[in-house]
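# model this:
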Amino acid sequence: MEPQPESSSTDVDTVVGRISDDKEKQAASIPSINDRILVAWDENDPHNPRNFAPVKKWLIVFIVSMGSLLVTCTSSIYGSSYEQLRDEFHVSQEVATLGLSLFVVGLAVGPMALSPMSEFYGRRWIYIFSIFFFLMFLIPCAVAQNIQTLLVGRFLNGVAGSAFLSVSGGTVADLFIPSQIQSPMMLYTITPFIGPVLGPLIGGFINQFASWRWSFYVLLIWTGFLLTCLVFVPETYHPVLLRRKGTALRKSTNNPAYYSASEDAIASTTISQALITSLYRPFQLLVLEPMCLCLCIYSAIVLGVLYLFFGAFPLVFSTNHHFELWQTGLTFLGLMVGMVIGVFTNPFWHKNYLRLIRNANAKAKNVGREKPARPDPEFRLPPAIVGGALVTLGLFWFGWTTYASVHWIVPIIGSGFFGLGMFLVFNGVFTFLVDAYTEFAASALAANVFARCMFAAAFPLFGEQMYKKLGYQWASSLLAFLTLVMVPFPYFFFRFGKRLRHGSRFAKS
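As a prediction, this is how the structure comes out:
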């Protein structure tokens, strides 16, 4: 097999690793001028996170992955407490649902501030401050005496917890070279998907047999344990560590010539400038880039449907099959199984990606052209093409098996196909955006996160009413038709994306 620009890692982890590697290569390529000495990693440097002991690296990955699991689980565990909240605070279903929506809105806006801050201060302190404030804002939620306190606390919880969704992937890339990153990134990748479906499962048992406040007490215990673990997690962000190394060398040698590339980068901008860029550039991409807009809307619809299910599943299974709350929580296992299967298909999609690269190189050679410098980003889209079909299939399957006469396992199996398709859609869209908008990858992903979270916040507000008004079958079918409209877009961009990129201001042509 020809050497490829990517190593044998999965699609998601390869692009994240590439971003980290590109930054290091860029830093290393800066020449020494005026007798300045560029600080870089020495061979087998013990301070280089990639030289940590394997057990230490895996422990760090596990801790930050559990942070991602905690945050996403917190978003959805709240949905199991609707009935108790309505009774205690005398509010409508819509007002009770706002607690879920506001949390997800917090997840959308938080990364725009936390991501650029991590470039200045490193990942470790972002994690510690985020989890500390996450813990603090859980307390008013747990002891709230009115719905207003609970809703404000939920929003602030989402903002604080968003760091684990925007920064953690970079931590994995800090620790492992691309050829080693496949397994640890699979662990990190699955946690944001499992978390939302784990929440109703845990919350169902808690709210069936105890007060809704115990949902937050359990989260407080989990968060306190995680905060303790994070205190012992070292900094892993290479530019920050090299900056510290440069400072230490200047002090120990009394030679001011030592410098790091990140020091020059920080000197050329301020944190306020970085925050402003982080706030407006994602919206530039959504407005000016049709490919980015369409794929972000597609993934946003899919996540919106998932969060709508937090109200629809209890309604369907309690009405048709007389499930109790803890039993409706277990119905989300179908989604979880589908997502886990999706993770284990990653090696297959990576082999397909390498096959497409080989075919493109052979075609270029046959017509006398040089081999492309980098593979076409469109080669990342096949998982989204297949996943889109599975999402629509799963929704139709789920919808037209929601009859009391049909065994309860049948719609759950349909939801498993939706979960598998959802993971594949996100996998393809995520990696395509990073490859197509290389220079603006962080902004492209921020645009995707913002769109997804806005839809995930909106859909639960009308989901239960829609299912009651249209009926379970046609409500699910309406969602399926909505995804069906979006199914052609990944294939269209796979075929014609290269032409569209030639006329783009932001995409790599």
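
# Okay, now the unreliable bits of the chain?
1-34, 178-179, 267, 372-373, 508-509 (pLDDT under 70).

# so where's the longest helix in it?
Of all segments of type helix in the chain, defined using DSSP state H, the longest is helix 290-321.

# next structured bit after that helix?
Proceeding C-terminally, helix 290-321 gives way to helix 325-330 as the next helix or strand, assigned by DSSP states H and E.

# and that following helix, how far from the chain's centre?
26 Å (CA atoms, centre = their mean, to the nearest Å).

# Now the element after it, going C-ward?
helix 333-344.

# Which secondary structure elements does that following helix sit against?
Contact partners of helix 333-344 among helices and strands, from 3 or more CB pairs under 8 Å, 6 or more residues apart in numbering; DSSP states H and E: helix 182-209, helix 409-436. Every residue, glycine included, has its C-beta placed from N, CA and C.

# Please enumerate the strands of the stretch 151-300 of the chain.
258-259 (DSSP state E, counting those that start in this stretch).

# can you pull out the helices in it?
Using DSSP state H, counting those that start in this stretch, the helices of the stretch 151-300 of the chain run over residues 163-166, 168-175, 182-209, 213-231, 238-253, 261-267, 271-288, 290-321.

# Mean neighbour count, the ones you listed: which tops it?
helix 163-166 (a mean of 26; mean count of other CB atoms under 10 Å).

# which secondary structure elements does it contact?
helix 54-77, helix 93-121, helix 123-143, helix 441-470.

# Mind exporting the C-alpha coordinates of that helix to CSV?
What follows is helix 163-166, C-alpha atoms only, in CSV (Å, rounded to 0.1, in the frame of the first residue of the first chain):
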residue,chain,number,x,y,z
ALA,A,163,-15.4,22.7,27.9
PHE,A,164,-15.5,18.9,27.9
LEU,A,165,-17.1,18.9,24.5
SER,A,166,-14.9,21.5,22.9
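
# which residues make contact with it from outside it?
With contact meaning CB atoms under 8 Å, 6 or more residues apart in numbering, helix 163-166 is reached by 64, 67-68, 70-72, 107, 110-111, 114-115, 118, 126-127, 130, 192, 446, 449.

# follow-up on the earlier one: with distance to residue 361 added, can I get the helices of the stretch 151-300 of the chain in CSV?
Formatted as CSV, these follow (distance: least, CB to CB, whole Å):
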stretch, distance to residue 361
helix 163-166, 35
helix 168-175, 26
helix 182-209, 23
helix 213-231, 44
helix 238-253, 31
helix 261-267, 33
helix 271-288, 30
helix 290-321, 24
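
# of all those, which lies closest to residue 145?
Nearest of these to residue 145, taken as CB to CB: helix 213-231 at 11.0 Å.

# now for the closest one, which elements pack on it?
If you count contacts as 3+ CB pairs under 8 Å, 6+ apart, helix 213-231 packs onto helix 54-77, helix 123-143, helix 182-209.

# With respect to residue 302, which of those lies nearest?
When the helices and strands packed on helix 213-231 are compared (using CB to CB), the closest one is helix 182-209, at 11.3 Å.

# Compute the inter-axis angle for the closest one and helix 213-231.
150 degrees (axes from the mean of the first three to the mean of the last three CA atoms, to 10 degrees).

# Between helix 333-344 and helix 182-209, find me the angle.
170 degrees.

# picking up where we left off before, out of the helices and strands packed on helix 163-166, which comes closest to residue 347?
Closest approach to residue 347 among these is made by helix 54-77 (18.8 Å; CB to CB).

# Run the chain-centre distance for that closest one.
The chain centre lies 12 Å from the centre of helix 54-77; the measure is CA atoms, centre = their mean.

# go on, stretch 177-188?
Relative to the centre of its chain, stretch 177-188 is centred 16 Å away, using CA atoms, centre = their mean.

# how close does the residue lying farthest from the centre of the chain get to residue 248?
Going by CA atoms, centre = their mean, the residue of the chain most distant from its centre is residue 254, 44.3 Å out. Residue 254 sits at a distance of 12 Å from residue 248 (criterion: CB to CB, to the nearest Å).

# Over to residue 182?
For residue 182, the distance to residue 248 - CB to CB - is 34 Å.

# Would you mind telling me which of the helices of the stretch 151-300 of the chain is nearest residue 46?
Using CB to CB as the criterion, the shortest distance between residue 46 and the helices of the stretch 151-300 of the chain is 11.3 Å, found for helix 238-253.

# Off-centre distance for the closest one?
Averaged C-alpha coordinates place helix 238-253 at 32 Å from its chain's average position (CA atoms, centre = their mean).

# and if you look at stretch 480-494?
Counting by CA atoms, centre = their mean, stretch 480-494 is centred 21 Å from the centre of its parent chain.

# got it, and stretch 79-87?
Going by CA atoms, centre = their mean, where stretch 79-87 is centred and where its chain is centred differ by 28 Å.

# who touches that stretch?
For stretch 79-87, contacts defined as CB under 8 Å, 6+ apart pick out 91-93, 96-97, 99-100, 147, 150, 199-200, 203-204, 206-207, 211-212, 215, 310-311, 314, 325, 329, 460.

# Pop out the phi and psi values for residue 210.
Per-residue torsions, residue 210: phi -150, psi 180 (degrees, to the nearest 10).

# residue contacts, it?
So residue 210 contacts nothing (CB under 8 Å, 6+ apart).

# And it, how far from residue 116?
From residue 210 to residue 116 the distance is 41 Å (CB to CB).

# cool, residue 151 as well?
As judged by CB to CB, residue 151 and residue 116 stand 28 Å apart.

# Likewise for residue 411?
Distance from residue 411 to residue 116, by CB to CB: 43 Å.

# got it, and residue 164?
Distance from residue 164 to residue 116, by CB to CB: 16 Å.

# follow-up on the earlier one: export the helices and strands packed on helix 163-166 as JSON lines, with columns for mean neighbour count and distance to residue 501.
Shown next, in JSON lines, are the helices and strands packed on helix 163-166 (neighbours: other CB atoms under 10 Å; distance: least, CB to CB, whole Å):
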{"stretch": "helix 54-77", "mean neighbour count": "22", "distance to residue 501": "31"}
{"stretch": "helix 93-121", "mean neighbour count": "22", "distance to residue 501": "25"}
{"stretch": "helix 123-143", "mean neighbour count": "19", "distance to residue 501": "32"}
{"stretch": "helix 441-470", "mean neighbour count": "22", "distance to residue 501": "13"}
